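> would you be able to build a 3D model of this:
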Amino acid sequence: MTAVLSLIVVAACILSNFPASSNPIKPLSNDQFYTTTLAPNSTLYFSYTSTNPGSPCSTLDCQSGDRWVRVSAHAQFNQLQIVSSLGRPLVDCNHPDADCQAVTGRSTVGLVHQYGSWDDLQGGEPGCYTPGSLWTPSPNNTVYFSLTQLNTSSVEVAIVVSSASITHPVPGGCATTGPTPNDPMLELTVTRSQSNKISFQQSNLGLPRVFASPQHGCSCDAVSYYSDTSPGTIQYEVYRTFVSDCGSDFKRTFYESPLLKAIGFMTTVAGVKRHGTKVTLTSLKPPAIKSLEAAVHSGQGVVYNVLVTDVYQASLSPDTSIDEFQSVYTPTHTYSCTLDKADTTQPYCHNLRDDMVLSSSLIAAFAGVPLAFFGLRYYTLSLIIMGSMTGCMVFFIFINNVPTSLNYVARTLLSLGLGQVGGLTAYLWWRFRWSASLTLVYIGTCMGFLVACWVFATPLAEMTVFSNAFNYGMTFACATLLIPTLLLLRPRLLTILSTAVVGSYCIINGVDYFTGGSFGEVYSNVIERAVDPTFAASYTGSYFSDDFNGCSNIQLNLIMLGSWVVLCIITATTQLLWTAKSIPDVPVYSGKRRHPAEVRDYQSFAPRAEDPRLAERRPLLQEQQSIQTANTFANATQAQRPPPSRRRRQQQRGSPHPV
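Numbers count the residues shown, from 1 in each chain. Next comes the predicted model:
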């Protein structure tokens, strides 16, 4: 009954797609990426003819010839439908020998035709083979297909046709579910707001292998059965590339041209290797569930594809390029949001503003102003601000790694509230330890943390060695502690630089939120990796390239980086020459009150605590003090001497004169 219904649906699709005389058939070439504009509810017709159809052969002597062709169409979010026929025009799809398929889907549709079939001369199951199986090519090696747009508005679409030889695996050739026996499409499922689940069907072998085991004569079963033997059979690798220039949360741009350009990069084996980044750390083998999760951001355009490799045949021909044993599926894209207002299953792409992120960015920007310009002058305030920021980060990571029923807003608010404990702890540590040495290390570490974030925003982070959590953590910790260790002997300079750098970053991060750059993601990537274990595997790009976290504008990124550097120089210079000029050292809490006389005595033995202006006037004061002392002594001596008349009488009598 199901088969009958399927035939009825295919027949209805075919009847609705008969080419009219006014709609000519456009021929396409292999791996051609053809773009055009489809009017509402309109249909276009295409054809592709293989130049290497091959000839009849058996499993023992098949050496050349195309074995399959993949047809796909792509749009941004519109409903598309492909109807294809191998060897016969679409009007002949009602013929008993016609090989016709029909696929309907949103954004991406794709299907695969095989240029013939394997016939088991020993009476085995259809589709299976033995050492004596024969390959019979189709009488006609031309594929006819139509593309229909089912929406009420014009849309830009891309059509791709790819044909491959006998050594290339058939993508989705062992499909167990799906609309067609050969299903090369990827299925994307949004599992949560920050993750996509990617699923795909198993591939088939372009050339069936001869196995002695009769119960595993079918190629699909054989692939799974022999997957654990050396050197294995088929392996799968998931790749992705990003769509750049997505705009800010207040003004996002979702243009069709950048999306179709990214899809065009991912339609061939060479394009996937050159423009894509591997998502999986290890290759997936046939017995494994062919699905995985990848971290994403809502509004971030990303294109996925799967590269499948016949490692067994490649091992038999080590001198042949590995590309000859590889194939790719149909590329599929997502924004992790919907462009259709009527779709309530995902957030609307044009309304992705996160009020929690907005509030946090504004609070950090306002807190960064006193931190950057008055960091040393208001030392305790700087401690509280930095401690609160660190506390919020630590509690956010902890809460998101602990199973809880709290939603995103509740977890964020709880992190912000508990983060204030960090600011209070930093102040009390300075207040009751009577020493600024430990707080100096903490303040310097905040700047070192930012430096480490920038180190891992370069291509260095894409190295395979840092996909390991231990290697990443140890390297990050060393980079964080490097600067405070070098500047610990210059506490005043360390405090000024650290507050200027951290405060300036907070200010520019607030501006970057409204411009739509990737400046803030230098810091958030580290948090994301600590929260999401899959982020390490899916991370790609550097801050200085177009694929940094997707949604990236390299010109804007460089402007934001330059603005931060300039602001760091301005704020540090302001503190050195103005706001912190009269502060010779980092404030130290004494822990008790002193009598004013003790304070004067302490200052006389501690010239570093003396006002610099008094130090400049000290020679003049000492000279005035010496003159006053001499005058006092002279006056005292003059007061002790007798008058002149009395002195003469004493001299005449011979009495001594007191000196």
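> tell me which residues are up against stretch 570-582.
372-377, 492, 496-497, 499-501, 503-504, 611-612 (CB atoms under 8 Å, 6 or more residues apart in numbering). C-beta here means a position set from N, CA and C on the backbone, and glycine is covered the same way.
> mind saving the C-alpha coords of that stretch as PDB?
This file holds the C-alpha atoms of stretch 570-582, laid out as PDB (Å, rounded to 0.1, in the frame of the first residue of the first chain):
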ATOM      1  CA  ILE A 570      45.200  57.000  25.900                       C
ATOM      2  CA  THR A 571      43.900  55.600  29.300                       C
ATOM      3  CA  ALA A 572      47.400  54.400  30.400                       C
ATOM      4  CA  THR A 573      48.900  57.800  29.500                       C
ATOM      5  CA  THR A 574      46.100  59.600  31.300                       C
ATOM      6  CA  GLN A 575      46.800  57.700  34.500                       C
ATOM      7  CA  LEU A 576      50.500  58.100  34.300                       C
ATOM      8  CA  LEU A 577      50.400  61.900  33.600                       C
ATOM      9  CA  TRP A 578      47.300  63.000  35.400                       C
ATOM     10  CA  THR A 579      45.000  60.800  37.500                       C
ATOM     11  CA  ALA A 580      47.700  58.700  39.100                       C
ATOM     12  CA  LYS A 581      50.600  61.200  38.900                       C
ATOM     13  CA  SER A 582      50.500  62.000  42.600                       C
END
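> okay, now the unreliable bits of the stretch 551-659 of the chain?
Low-confidence segments of the stretch 551-659 of the chain (pLDDT under 70): 551-552, 588-659.
> contact partners for the closest residue to residue 197 other than its chain neighbours?
Leaving aside its sequence neighbours, residue 197 sits nearest to residue 189 (CB to CB, 6 or more residues apart in numbering; 4.3 Å). Counting by CB under 8 Å, 6+ apart, residue 189 touches 196, 197, 199.
> a strand runs through residue 189, doesn't it?
Yes: applying DSSP: H, G, I helix; E, B strand; the rest coil, one finds residue 189 inside a strand.
> so how far is residue 362 from it?
Going from residue 189 to residue 362 by CB to CB, to the nearest Å gives 34 Å.
> host element of residue 68?
Assessed by DSSP states H and E, residue 68 sits inside strand 66-86.
> in that strand, what's buried?
Residues of strand 66-86 classed as buried: 66-78, 80-86 (neighbour count, 16 or more other CB atoms under 10 Å).
> and what of stretch 301-316?
Applying 16+ other CB under 10 Å to stretch 301-316 flags 301-314 as buried.
> what's the first-to-last distance across that stretch?
In stretch 301-316, first residue to last residue: 39 Å (CA to CA, to the nearest Å).
> could you give the average pLDDT over it?
In this model, stretch 301-316 has a mean pLDDT of 88.
> please apply the same query to stretch 349-366.
Per-residue scores along stretch 349-366 average to 85.
> before we move on, what about stretch 326-344?
So the average pLDDT for stretch 326-344 ends up being 87.
> pull the distance from it to the chain's centre.
The chain centre lies 18 Å from the centre of stretch 326-344; the measure is CA atoms, centre = their mean, to the nearest Å.
> picking that back up, give me the distance between the residue nearest to residue 197 and residue 293.
Taken as CB to CB, the span from residue 189 to residue 293 is 9 Å.
> what of residue 303?
Noted for residue 303: a distance of 17 Å to residue 293, by CB to CB.
> other SSEs contacting the host helix or strand of residue 293?
Assigned by DSSP H and E, residue 293 falls within strand 291-295. Contacts defined by 3 or more CB pairs under 8 Å, 6 or more residues apart in numbering; DSSP states H and E place strand 291-295 against strand 195-199, strand 234-242, helix 535-538.
> tell me where the stretch 401-550 of the chain has helices.
For the stretch 401-550 of the chain, the helices defined by DSSP state H, counting those that start in this stretch occupy 408-433, 437-455, 469-486, 491-515, 521-531, 535-538.
> same check, this time on the stretch 101-250 of the chain
Ranges of helices within the stretch 101-250 of the chain are 219-225, based on DSSP H, counting those that start in this stretch.
> out of the contacts of stretch 570-582, who's the most crowded?
residue 499 (33 neighbours; other CB atoms under 10 Å).
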